[in-house]
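In: Return a 3D structure for these sequence lines:
(one chain, ligands or ions: 2)
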Amino acid sequence: RKAEFHKYMNAASTTVDGHTVELVANIGNPGDAHNAHKNGAEGIGLFRTEFLYMGRPNFPTEEEQFEAYKEVAETFGKDHPIVIRTLDIGGDKELDYLELPKEMNPFLGYRAIRLCLDETDMFKTQLRAILRASAFGNVKIMYPMIATIVELRAANAILAEVKAELDTAGIAYNKNLEVGIMIEIPAAVLVSDQLAKEADFFSIGTNDLVQYTMAADRMNEKVSHLTQPMNPSVLRLIRMVIENAHREGKWVGMCGEMAGNLVAIPLLLGLGLDEFSMSASSVLPARVLMSKISLADAKEIAAKALDMQTADEIQQFVQDSFPVIE
Ligand code: PEP
Ligand code: MG
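Out: Ligands and ions are numbered 1, 2, ... in the order given. As a prediction, this is how the structure comes out:
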């Protein structure tokens, strides 16, 4: 088993019929990046930066953040993508030093980009740190919880201000750095044709997309039976996002838990997903699976699955269609 994995360590992630995708990792701190690298990840598809802000008495400084982002970039070297998500606080994640009003529905409330667009000093500090780190690797910026194109434009306007400040100060950064958004709110899916014109890439956050599509709190066990990434409603949203992005020549990743699920992988491949971001330990098993299936089969199975009616039925169908799934 180990020997089999070893041979896939530094290999590309390619199907039997020669279709290559990118298998990258989700991390929460720079230490995780080393582990992801050791586990065969081709880069980082989601750096959850909120962990740099949590468990401490004050905001991390620009310098502290810069060092953390640079360390991740340098762990993977120039060619490998490092997608750094801007702060996604609120919802289930709180900061001791940032007083926020108690909310009836935190997951429908003041979190992520909504908060960053108000707390512009905090947001600009983070953007400066990320931009500076982009001089040391293939760093990309990703905004979480985008619901409207107005939010994307507002975030990009702040980013443009920060870039202008760095230009004036003569501080280096990658001027061609890609700026993408997470697709984790159904509203964003429905206007993904428009968003794809102004974002450089999408990454589908199924943890939240499932929660918001099914109206089932991801922390509430009483409704966890509705947390169904394989529900046809969710799969149809994913299909829509990928089609709309590809029409504009943009790539689509996924960084929700679904991307590392071996049963979901053939479906996502068949729907045209370009990048799969998962926990480090899932990367090699996913690459081995990719090497045993064909894109042609995956496309056919995905098309059939999306006409089925229940998550269980789809799950069973995919497993029966690909006996190599372990
Ligand atoms: C998601 O919502 O799928 C996601 C990757 O973001 P998080 O789990 O951090 O909310
Ligand atoms: Mg999310």
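In: Quick one: classify Asp32 as helix, strand or coil.
Out: Using DSSP: H, G, I helix; E, B strand; the rest coil, the structure places Asp32 in helix.
In: How about the secondary structure of Thr75?
Out: Thr75 is classified as helix under three-state DSSP.
In: Please tell me how far it sits from ligand 1.
Out: In this view, Thr75 and ligand 1 are 21 Å apart by C-beta to the nearest ligand atom, to the nearest Å. From N, CA and C alone the C-beta is placed, and that goes for glycine too.
In: List the contacts of that residue.
Out: By C-beta atoms under 8 Å, 6 or more residues apart in numbering, the contact set of Thr75 is Pro30, Ala33, His34, His37.
In: JSON lines for the residues you listed, including neighbour count and distance to ligand 1?
Out: Listed next are the contacts of Thr75 as JSON lines, based on neighbours: other C-beta atoms under 10 Å; distance: C-beta to the nearest ligand atom, whole Å:
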{"residue": "Pro30", "neighbour count": "18", "distance to ligand 1": "17"}
{"residue": "Ala33", "neighbour count": "25", "distance to ligand 1": "17"}
{"residue": "His34", "neighbour count": "15", "distance to ligand 1": "21"}
{"residue": "His37", "neighbour count": "19", "distance to ligand 1": "20"}
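In: Ignoring the adjacent residues along the chain, who's closest to Phe76?
Out: Once flanking residues are discounted, Phe76 sits nearest to Gly43: 5.6 Å by C-beta to C-beta, 6 or more residues apart in numbering.
In: does that neighbour really touch Ala33, like I thought?
Out: No: counting by C-beta atoms under 8 Å, Gly43 stays clear of Ala33, with 9.6 Å between them.
In: overlap in contacts of the two?
Out: If you check Gly43 and Ala33 against C-beta under 8 Å, 6+ apart, the residues they both contact are Ala25, Phe76.
In: Next, count neighbours for Asp193.
Out: Using other C-beta atoms under 10 Å, Asp193 has 14 other residues around it.
In: What's the separation between it and ligand 2?
Out: 22 Å (C-beta to the ion, to the nearest Å).
In: Direction included, what does the helix or strand in which Met182 is found pair against?
Out: Element membership of Met182, judged by DSSP states H and E, is strand 179-183. Looking at strand 179-183 with DSSP bridges, its partner strands are strand 138-143 (parallel), strand 201-204 (parallel).
In: Just the buried residues of the helix or strand just after that strand, please?
Out: Per DSSP H and E, the first helix or strand lying C-terminal to strand 179-183 is helix 186-190. Within helix 186-190, the residues scored as buried using 16 or more other C-beta atoms under 10 Å are Ala188, Val189.
In: list the helices and strands the helix or strand following helix 186-190 packs on?
Out: Next along the chain after helix 186-190, taking DSSP H and E as the criterion, comes helix 192-198. Other elements packing on helix 192-198 under the criterion 3 or more C-beta pairs under 8 Å, 6 or more residues apart in numbering; DSSP states H and E are helix 149-169, strand 179-183, strand 201-204, helix 232-247.
In: mind checking how far the biggest strand by length in the chain is from the chain centre?
Out: Determined from DSSP state E, the single longest strand within the chain is strand 20-27. Chain-centre distance of strand 20-27: 10 Å, with C-alpha atoms, centre = their mean, to the nearest Å.
In: do the same with stretch 121-137
Out: 19 Å.
In: From the rest of the structure, what touches it?
Out: 49, 59, 61-63, 65-66, 69-70, 72-74, 76-78, 80, 82, 84, 86-87, 116-117, 139, 141, 155, 158-159, 161-163, 165-166, 171-174, 177.
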